[in-house]
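[1] starting from these lines, generate the structure:
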Amino acid sequence: MALPRIASRDEWLAARIDLLAEEKALTRARDALNTKRRELPMVEIDKDYRFTGPEGEVGLADLFAGRRQLVVVHFMFDPSWEEGCPSCTAGAAERSQGLLEHLAVRDTSLVHVSRAPLPKIERYKAKMGWTFPWYSSYGSDFNHDFHVTLDDGVLPAEYNYRPAAAYGPTWTGDAQPFEMPGLSCFLRDGDRVFHTYSQYARGTESTGGSYYYLDLTALGRQEDWEEPAGRADHVRSNQPDFSS
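    Residues are numbered from 1 along each chain as shown. Now for the predicted structure:
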């Protein structure tokens, strides 16, 4: 297994100070990017999306729970599946009650939305021991309109702002419909609801979680694509199955 080079404390400190300069530059660049994100225009939602939750049928505005902002996690759960996506499950397992409370202090709600019918969602949620709000968009255009259910028969399929065809033949034709992950943000002004932002694919990593902690460590995420190579050798057999 490839490990970091062994060095003296002085050598390590010099290298660490060099890296700190790059980290500070990245922090400033991230702050500037966040400013641009906040400066994005917004689009009013004019469709009456309906969702099903434990309290019955609700609209998009109800998901705000009286707050000004709403973050929707698009959790991959096809209506034909009995359990949710393992990757989405891993992410959801990291969302604590404390996170929801801290967001609420800043007038922001976070909910999960999936296309599976509510009984399947409720069974899986109970199995995992989760308590966060999770709604079904079954029978709604919501997932298609926000490009996390790809189906050319409903809407020209795109993901991460690119046509599905750009990703190759496995994204088109008989492969559809299929689910993809994402996150969308909304702002409420009185009775009006606006879409302000959506992110997909690796963009969703910006919310942190275990990946960002692992990025600080010598072995990193222990994925095959990472450099330096050779630090994922022992990991695969030890990966937890978050769906069980």
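[2] residue ranges with poor pLDDT in this protein?
    Residue ranges of the chain with pLDDT under 70: 233-244.
[3] helix/strand/coil for Ser198?
    Here Ser198 is strand, with the state taken from DSSP: H, G, I helix; E, B strand; the rest coil.
[4] in the sheet, who's paired with it?
    Legend: beta-bridge partners of Ser198 under DSSP bridges are Ser184.
[5] what's the local residue count around it?
    By other Cβ atoms under 10 Å, 19 other residues sit near Ser198. For every residue, glycine as well, the C-beta is placed using N, CA and C.
[6] make sure it is actually in contact with Met180.
    No - Ser198 is not in contact with Met180 according to Cβ atoms under 8 Å; the separation is 11.6 Å.
[7] let me see the domain layout of the chain.
    Structurally, the chain divides into domains by automatic domain parsing as follows: 1-39, 45-207.
[8] so which of those is the most surrounded?
    Neighbour counts (mean count of other Cβ atoms under 10 Å) averaged over each of those peak at domain 45-207, with a mean of 16.
[9] and Ala2, what element?
    In the assignment (DSSP states H and E), Ala2 maps to no helix and no strand.
[10] Provide the secondary structure category for the residue nearest to it when sequence neighbours are not counted.
    In this structure, Ala2 finds its nearest non-sequential neighbour in Gly230, 3.3 Å apart by Cβ to Cβ, 6 or more residues apart in numbering. Following three-state DSSP, Gly230 is assigned to coil.
[11] who does Leu70 bridge with?
    The residues that Leu70 bridges to, once DSSP bridges is applied, are Ser109, Phe186.
[12] quick one: contacts for it?
    Leu70 makes contact with 60, 63-64, 108-111, 185-188, according to Cβ atoms under 8 Å, 6 or more residues apart in numbering.
[13] identify, from those residues, the entry nearest to Tyr212.
    The nearest member of the contacts of Leu70 to Tyr212, counting by Cβ to Cβ, is Leu110 at 17.5 Å.
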